[in-house]
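Chemist: give me the fold of what follows.
(one chain, ligands or ions: 1)
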Amino acid sequence: MNVIVVKDRQEGGQRGYQIFQAAYDKGATVFGLATGSTPVTTYDAIVASDLDFSQMTSINLDEYVGLAPDHEQSYHYFMQHHLFNKKPFAHSYVPNGLNADAEDEMARYNQIIADNPIDLQILGLGQNGHIGFNEPGTDPKLGTHKVELTESTIQANARFFDNADEVPRYAYSMGIASIMKSHQILLEAFGEEKADAVKAMIEGPVTPDLPASYLQDHGNVTVILDEGSASKLS
Ligand code: F6R
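Modeler: Take a look at the predicted model:
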């Protein structure tokens, strides 16, 4: 893993943007995208740039089961607001949280990923080491699947809802196997609350207990940290 430590998430966003732009300049056409607070500064930099996505494809990592695309906490809504309204792609795929048929949704999304191999995947990192919604213990061979969220993730995401009871209990997520097929991965993690997960991801053993540790086995990963998230690295 190529580890870059910057001062804060503002600088991290700029650095993330540079990596994104370098991939774009080299001909990347399919971008895997994440939601959450982490990639926002990178998306802001993309929005402020002159990059054109009108011939490009985006594929998001995950979506809550049960939330409509226009629900303010859905990941569809997040992507529209932070990126797609300002930088439209030719094709933007996000799992359909309203598809109650999980088998159908998993097959549909796996086909999308197979048809559009991801050139650059952006990832955030959960405090428990999750990537996408691949929680500790997830089988790394899984493709897109339906996930029951852990209590830790529900509590971490409750800040976006009126209270923890409103956080959906299930999500559709790309699997670790799907993520590992991406040609290049850019993981960003900011804030001291990520420091334990960052240390385990980079310095710990590769283990299902810390899903991001599988990235040690991927040959093209850049990790951008701020001083807080890097604070426990040796
Ligand atoms: C979001 C996602 C999650 C987040 C992670 C960190 O699409 O897949 O894995 O990246 O939960 O969330 P934030 O960035 O809000 O700290």
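
Chemist: C-alpha only now, for contacts and for neighbours.
Modeler: OK.

Chemist: beta partners of N2?
Modeler: In this structure, N2 bridges to T222 when assessed by DSSP bridges.

Chemist: contact partners for it?
Modeler: 221-223 (Cα atoms under 8 Å, 6 or more residues apart in numbering).

Chemist: tell me where the chain has helices.
Modeler: 9-25, 40-48, 75-79, 102-115, 151-157, 176-180, 195-203 (DSSP state H).

Chemist: packing partners for the fourth one?
Modeler: Where contact means 3 or more Cα pairs under 8 Å, 6 or more residues apart in numbering; DSSP states H and E, helix 102-115 is packed against strand 145-148.

Chemist: what about the strand it packs on, near the ligand?
Modeler: No. Against the ligand, strand 145-148 shows no contacts by Cα under 6 Å from any ligand atom, the least distance being 11.8 Å.

Chemist: what comes into contact with that strand?
Modeler: The contact list for strand 145-148 (Cα under 8 Å, 6+ apart) reads 102, 106, 133-134, 169-175.

Chemist: which of these are buried?
Modeler: Neighbour counting with 16 or more other Cα atoms under 10 Å marks 102, 106, 133-134, 169-175 as buried within those.

Chemist: and which of those is nearest the ligand?
Modeler: Relative to the ligand, the closest of these is F133; by Cα to the nearest ligand atom it sits at 5.3 Å.

Chemist: one step back: with respect to T38, which of the contacts of N2 is nearest?
Modeler: Each of those was checked against T38 using Cα to Cα; the closest is V223, at 12.4 Å.

Chemist: from N157, how far out is that closest one?
Modeler: When distance is defined by Cα to Cα, to the nearest Å, V223 is 22 Å away from N157.

Chemist: out of these two, which sits in the busier spot?
Modeler: Using other Cα atoms under 10 Å, the more surrounded residue of V223 and N157 is V223, with 20 against 16.
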